[in-house]
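1. sequence and computational prediction follow.
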Amino acid sequence: MRLPAPFTDWFAARGWRLRRHQADMLAAAGRGEHALLVAATGAGKTLAGFLPSLVDLAAHPSDRLHTLYVSPLKALAADVERNLLGPIADMGLDISVESRSGDTSSDKKARQRSRPPNILLTTPESLSLLISYPDSFTMFADLKTVVIDEIHAFAPGKRGDLLSLAMARLQHIAPGLRRVGLSATIADPDLYRAWLAPDADARAVTLVAGEAGADPDISILLPEGAVPWAGHSGRWAVHQVMEEVARNRTTIIFCNTRGLAELIFQELWKVNDLSLPIAIHHGSLDREARQRAEAAMAEGRLRALVATSSLDLGLDWGDVDCVIQMGAPKGSSRLLQRIGRANHRLDEPSRALIVPGNRFEYLEARAALDAVDAGERDADRFRPGALDVLAQHVMALACAAPFREEALLAEIRSAAPYQWIDAEVFARLLGFVRDGGYALKSYDRFRRLAPDGHGGWRISHPRLAAQHRLNAGIIVDAPTLDVRFKNGRRLGRVEEYFASTLVPGDTFAFAGLSLEVESIRDTDLIVRATTRPARIPSYMGARMALSTRLADRVRGFLADPASWSRFPDDVRFWLEMQQLRSALPRAGELLVETFPHEGLHYLVAYPFEGWNAHQSLGMLITKRMDRAGMQPMGFVASDYALAIWSLQPVTRPETLFDAEILSDEFVEWVENSHLLKRAFREVAVIGGLIERQHPGKRKTGKQVTFSTDLIFDVLRKYEPDHLLLEAAWADARERLTDVARLGDLLDRAAGTMLHVPLERISPLAIPVLVLIGRESVAASDLDDALLGELADSLAETAMRAG
């Protein structure tokens with residue numbers, strides 16, 4: 001496929017040239033091949049994905065849907081729509097482009113199904129809803145290409161499961177469909193080629209490598225004094241960050257959580273002496289507020305935007321001079337993705353600053369820079385497709401048309417995540433979708449499928465199709481309350497459990513404002529603006545895990561004193577004192593220290609496996625200690641370490657770190673804790689067992705939890721092998737407890753443990769012991785001062801050589 005004159009003229013008018021990878025994508029399309037493009041941010045990756053479609057539509061005008069573009073973010077689809085319409089208008093092409101998401105009006109959605117545009121931009125969830133309609137067979141009949149942007153962002157997870165199943169259905173409707181994947185940060189392209197390909201045949205997907213771009217310019221921002229002992233916000237640097245904002249045209253300041261974004265925005269506003277226009281953007285804000293911030297950035301009206309992962313991906317704002325990462329990046333791929341928001345041009349270096357929150361985060365930041373320099377990306381782990389997602393998909397297809405079991409199973413198995421599904425598993429799943437399973441089949445409300453009289457299955461009542469579309473989706477957010485002013489203006493959402501801690505008169509920071517609670521009415525939190533000090537909302541969303549490759553690099557630093565010359569003096573002295581007073585683990589070793597402190601006995605381990613795995617390990621080890629009579633009093637975890645304190649000393653820690661803990665204490669803990677119920681609530685909602693919404697009415701979080709807990713108890717008692725309990729266990733193991741990393745840690749613990757008994761706290765233990773103080777106080781300036789005093793007190797004891 002050659003680039004015709006209007007396109008070559010358009011490139012020339014901008015002083016651009018057709019990049020090699022863009023030409024390769026055109027060639028792959030000309031041969032009818034599926035393709036995966038891995039190219040640096042700013043390389044014209046999205047244009048490369050669309051060029052074959054634009055060229056084909058320019059040569060063969062059509063009034064049918066030609067190309068479907070799927071992105072992980074609604075904002076990204078809207079941004080791509082803006083950036084596509086410009087070239088189309090410039091070249092005078094008769095090509096229609098529209099986006100579709102949950103924000104699209106119902107009238108427009110209905111029109112798109114009957115008269116779709118040539119190019120439709122959407123998300124996995126909206127695509128899944130589209131294929132649930134009977135007219136999906138005509139809508140997608142002439143579909144030529146599906147483009148999956150930022151493929152790494154969802155392929156290994158449940159959204160990727162849903163999208164893979166949807167692609168299998170699209171391929172069934174349009175057998176000649178070509179699949180295209182785009183990404184800037186993939187460690188193992190072959191894994192993604194297999195995920196993208198029909199029947200998981202990686203050989204069917206052509207790998208296209210992008211041209212190399214300019215190396216990023218990344219540095220670590222250091223304080224004028226010492227690097228802090230603890231904390232993860234980087235708030236110590238707000239004056240320096242504000243100075244950086246003033247030096248640049250536009251800066252994006254990334255935070256790892258929504259709560260941290262609110263905190264940093266508030267802190268920056270306090271020191272914004274020049275009254276520069278700055279804004280905040282995260283997923284809990286009202287849609288209009290997010291869109292205003294995006295538009296202001298696109299038009300160059302903001303000097304800085306404080307953001308979370310809601311802006312990680314693909315948004316093309318060419319005037320961003322600098323990206324600042326507050327706190328450690330947790331992975332080299334995520335860091336590169338965020339850095340790519342600066343300049344967004346291939347031949348110019350992206351400039352970024354990392355603001356470490358503490359000394360361990362300094363080591364992590366340095367490890368991330370080394371990984372970027374070495375071209376190392378974070379590995380993704382693909383797991384078998386989730387059963388709750390499959391149940392939702394089967395119901396969607398039943399809403400579109402009756403199906404036959406054997407034919408549908410073959411279609412499902414053509415999706416890479418579901419090749420493991422056999423006839424027996426599918427029969428169980430079909431039984432669940434049909435009537436809820438053995439323990440629930442006597443209840444009419446769970447009967448969703450019925451025989452169609454021709455050897456197949458259909459939905460048992462037409463109203464079920466509307467109910468499915470109202471409740472379908474993969475992202476099960478924590479229950480929320482709307483934050484509103486008394487006049488009804490909506491600011492966004494806070495999670496129900498946080499709202500339950502508030503009473504009238506309390507203040508909290510949200511949407512960049514200090515708000516005072518006036519009342520709580522049903523699902524609304526009524527507020528007014530205030531100038532009083534405000535606390536930061538907390539959110540239950542998953543914490544970003546420290547990647548295994550960065551963890552390995554940090555361990556490598558500890559084992560290699562020759563590398564310490566690059567570190568600030570205070571960080572280097574910290575490690576030297578640790579070496580003198582205790583020990584530093586060699587590669588593969590697990591360091592465990594035990595010491596008395598303030599009348600209690602402490603065990604501190606340094607696995608470097610991430611907060612999630614350490615939190616799970618803390619629960620398990622304290623249970624084992626309790627049974628052994630050691631009287632554990634509590635524990636605290638960080639990404640790097642785990643500290644447990646008890647009334648009795650631990651003299652043989654190797655007996656606690658035993659792989660059998662996963663078959664004994666782990667099962668008991670998960671079954672008797674809130675974890676399994678929490679996981680069941682999510683799979684029950686995704687799988688369609690519990691409906692969150694009815695026409696004109698939405699269940700509260702408490703109502704959903706009550707319903708799922710009730711069904712959970714029934715199934716545990718009468719059908720313990722129920723399909724959704726199996727799915728909940730898979731979630732509890734993989735996502736909530738990070739059991740894979742926990743298993744790796746325990747497998748090597750006994751043979752690699754280095755136990756160092758000490759008379760007092762070690763230097764390496766200071767950051768994690770400061771967390772014990774942080775757990776008991778709220779975040780405010782006063783608390784930071786108190787925690788600073790605690791850290792200094794601990795350091796005075798730990799850093800003393802004698």
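-> Done, it's in.

2. number of nearby residues for residue 636?
-> 21 (other Cβ atoms under 10 Å). For every residue, glycine as well, the C-beta is placed using N, CA and C.

3. which one is it nearest to, not counting chain neighbours?
-> Spatial nearest neighbour of residue 636, chain neighbours left out: residue 771 (4.6 Å); criterion: Cβ to Cβ, 6 or more residues apart in numbering.

4. ok, now residue 718?
-> residue 439 is the one closest to residue 718 (Cβ to Cβ, 6+ apart), at 4.2 Å.

5. can you give the contact residues for the helix or strand the residue nearest to residue 636 falls within?
-> Secondary structure assignment for residue 771, by DSSP states H and E: helix 766-775. Applying Cβ atoms under 8 Å, 6 or more residues apart in numbering, the external contacts of helix 766-775 come out as 229-231, 358-360, 597, 602, 604, 634, 636-638, 640-643, 645, 761, 783, 786-787, 790-791, 794-795, 798.

6. and that helix, how far out from the chain middle?
-> Taking Cα atoms, centre = their mean, to the nearest Å, one finds helix 766-775 lying 26 Å from the centre of the chain it belongs to.

7. residue 336: how many residues sit nearby?
-> 24.

8. buried sites along the helix or strand that it is a member of?
-> Per DSSP H and E, residue 336 falls inside helix 332-339. By neighbour count on 16 or more other Cβ atoms under 10 Å, the buried set for helix 332-339 is 332-339.

9. kindly reformat those residues as CSV containing distance to residue 670 and pLDDT.
-> Formatted as CSV, the buried residues of helix 332-339 follow (distance: Cβ to Cβ, whole Å; pLDDT from 0 to 100):
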residue, distance to residue 670, pLDDT
332, 32, 78
333, 30, 77
334, 28, 78
335, 33, 78
336, 35, 77
337, 33, 75
338, 34, 73
339, 38, 74
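
10. closest to residue 219 among these?
-> Distance to residue 219 across the buried residues of helix 332-339 (Cβ to Cβ) is lowest for residue 339, with 11.5 Å.

11. is residue 520 in a bridge, and if so with what?
-> Following DSSP bridges, residue 520 is listed with bridge partners residue 525.

12. hang on, the earlier thing: narrow the contacts of helix 766-775 to those in strands?
-> Using DSSP state E, 597, 602, 604, 634, 636-637, 642-643, 645 are the members of the contacts of helix 766-775 that sit in strands.

13. for those, work out which two are farthest apart.
-> 597 and 637 (17.6 Å).

14. the more surrounded of those two?
-> residue 637 (24 against 18).

15. for the more buried one, what are its contacts?
-> For residue 637, counting by Cβ under 8 Å, 6+ apart, the contacting residues are 611, 614-615, 617-618, 643, 768.

16. I'd like the mean pLDDT over stretch 527-545, please.
-> On average, the pLDDT along stretch 527-545 is 67.

17. over to stretch 266-285?
-> Per-residue scores along stretch 266-285 average to 89.

18. can you list the residues that contact that stretch?
-> By Cβ under 8 Å, 6+ apart, stretch 266-285 touches 235, 238-239, 241-242, 245-246, 253, 258, 261-262, 265, 290, 292-294, 296-297, 301-308, 310-311, 480, 491-494, 509, 511-512, 514, 534, 536, 539.

19. could you check how far residue 482 is from residue 564?
-> Going from residue 482 to residue 564 by Cβ to Cβ, to the nearest Å gives 51 Å.

20. pull the number of nearby residues for residue 648.
-> Using other Cβ under 10 Å, residue 648 has 13 other residues around it.

21. ok, the nearest residue to it once chain neighbours are set aside - contacts?
-> Distances taken as Cβ to Cβ, 6+ apart place residue 630 nearest to residue 648, at 4.3 Å, with adjacent residues excluded. Contact analysis of residue 630 by Cβ under 8 Å, 6+ apart lists 646-650.

22. SS state for residue 630?
-> coil (DSSP: H, G, I helix; E, B strand; the rest coil).

23. quick one, helices of the stretch 201-350 of the chain?
-> Counting by DSSP state H, counting those that start in this stretch, one finds helices in the stretch 201-350 of the chain at the ranges 238-247, 258-270, 287-298, 332-339.

24. for the first one, the averaged confidence score.
-> Going back to what we said before, that points to helix 238-247. Rounded mean pLDDT across helix 238-247 is 94.

25. run the chain-centre distance for that helix.
-> 28 Å.

26. ok but residue 3 is inside a helix, no?
-> No. Looking at residue 3 with three-state DSSP, it is coil, so not inside a helix.

27. do I have it right that it meets residue 16?
-> No. Using Cβ atoms under 8 Å, residue 3 is not in contact with residue 16; the gap is 11.8 Å.

28. more neighbours, those two?
-> Per other Cβ under 10 Å, whichever of residue 3 and residue 16 has more neighbours is residue 3, with 16 against 12.

29. not counting its neighbours along the chain, what's nearest the more buried one?
-> residue 18 (6.0 Å).

30. and residue 94, by the same measure?
-> residue 61 is the one closest to residue 94 (Cβ to Cβ, 6+ apart), at 5.5 Å.

31. what is the three-state secondary structure of that neighbour?
-> Classification of residue 61 by three-state DSSP places it in coil.

32. cool, residue 474 as well?
-> Applying three-state DSSP: residue 474 is coil.

33. ok, it - how many residues close by?
-> 22.

34. how about it, what does it touch?
-> Taking Cβ under 8 Å, 6+ apart, one finds 124-125, 158-159, 161-162, 389, 392, 686 in contact with residue 474.

35. quick one: these as a markdown table, columns for distance to residue 222 and pLDDT too.
-> As requested, these are exported to a markdown table (distance: Cβ to Cβ, whole Å; pLDDT from 0 to 100):
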| residue | distance to residue 222 | pLDDT |
| --- | --- | --- |
| 124 | 41 | 93 |
| 125 | 43 | 93 |
| 158 | 40 | 93 |
| 159 | 38 | 93 |
| 161 | 43 | 96 |
| 162 | 44 | 97 |
| 389 | 45 | 96 |
| 392 | 49 | 97 |
| 686 | 45 | 93 |
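
36. tell me the one of those nearest residue 529?
-> Closest to residue 529, out of all of the contacts of residue 474 and judged by Cβ to Cβ, is residue 125, at 34.2 Å.

37. in TSV: the buried residues of helix 332-339, plus distance to residue 420.
-> Listed next are the buried residues of helix 332-339 as TSV, based on distance: Cβ to Cβ, whole Å:
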residue	distance to residue 420
332	31
333	27
334	29
335	33
336	32
337	30
338	34
339	37
